[in-house]
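1. Sequence first, predicted coordinates after that:
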Amino acid sequence: MGIRPVVKYPNPVLREKAREVEGLTPEVECLLKDMLETMEAAKAVGLAANQVGVPLRVFVFDPRVQEGSPLKAPVGIVNPKILEASGAILWEEGCLSFPGIELNIARSERIVLDGLTQDGQPLGGIELDGLLAVCAQHEVDHLDGVLFIDHVSKLKREIALKRYLSPCQKEHDQAKAHF
Ligand SMILES: [Zn+2]
């Protein structure tokens, strides 16, 4: 299929809790391949399956944005699990499903991520920090139907959504990290 359209808020699929993947079927392999292409085309750091309208527990991310990452190439993660989380970090996040808004979100600074790679190999609990830890938390949130606007105060959320839903909304630049 190739590049798939990215679903935008308030599409209800973004609020669905994604289902576990039961096996790496040709459909799931195709989904992963398309998500990697879609992420690359959007110049994003990460993308969750609900963002292309498929509520399955799959995300892709591009570890090349961070030097010294334990992963070296864009990768799909199937049935991701955050085993450990520690520290605190504030990161200005963008989301492909909310073009035009960026929000400072408090996340864990370091995580241990498990799951399967797109080849069906266990990740075996890799340590991620900084941007990649932020990205993985943002994507696992997506798979639980949680959005980055849920992490800010009601007031900040209202201001952001007003700007987002405004017809005068400006095109977003891609200066910030988008997931
Ligand atoms: Zn997002």
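-> Thanks, I have it.
2. In space, what's closest to the most centrally placed residue in the chain - neighbours in sequence excluded?
-> For the chain, the residue sitting closest to the mean C-alpha position, by Cα atoms, centre = their mean, is E139 at 3.0 Å. Nearest non-adjacent residue to E139, counting by Cβ to Cβ, 6 or more residues apart in numbering: F59, 3.8 Å away. Bear in mind the C-beta positions are built from the backbone N, C-alpha and C, glycine included.
3. Next up, the contacts around the one you found.
-> 35, 46-49, 76-77, 80, 136, 139-140, 142-143 (Cβ atoms under 8 Å, 6 or more residues apart in numbering).
4. Which strand residues bridge it?
-> For F59, the beta-bridge partners are A48, I77 (DSSP bridges).
5. Report pLDDT for it.
-> Per-residue confidence at F59 stands at 98 (pLDDT).
6. Relative to S86, how far out is it?
-> Relative to S86, F59 is positioned 21 Å away (Cβ to Cβ, to the nearest Å).
7. Can you pull the phi and psi angles for whichever residue of the chain sits closest to the ion?
-> Nearest residue of the chain to the ion, counting by Cβ to the ion: C95, 3.2 Å away. Dihedral pair for C95: phi -140, psi 130, per degrees, to the nearest 10.
8. Give me the neighbour count for it.
-> 28 (other Cβ atoms under 10 Å).
9. For it, give me its contacts.
-> By Cβ under 8 Å, 6+ apart, the residues touching C95 are I101, H138, L147, F148, H178, F179.
10. out of those, which touch the ion?
-> For the ion, the contacts drawn from those by Cβ under 5 Å from the ion are F179.
11. Please flag which of the contacts of C95 sit within strands.
-> H178 (DSSP state E).
12. can you redo the contacts of C95 as a markdown table with pLDDT, distance to L161 and neighbour count?
-> As requested, the contacts of C95 are exported to a markdown table (pLDDT from 0 to 100; distance: Cβ to Cβ, whole Å; neighbours: other Cβ atoms under 10 Å):
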| residue | pLDDT | distance to L161 | neighbour count |
| --- | --- | --- | --- |
| I101 | 92 | 8 | 18 |
| H138 | 98 | 18 | 27 |
| L147 | 98 | 11 | 19 |
| F148 | 98 | 12 | 25 |
| H178 | 87 | 18 | 24 |
| F179 | 90 | 18 | 26 |
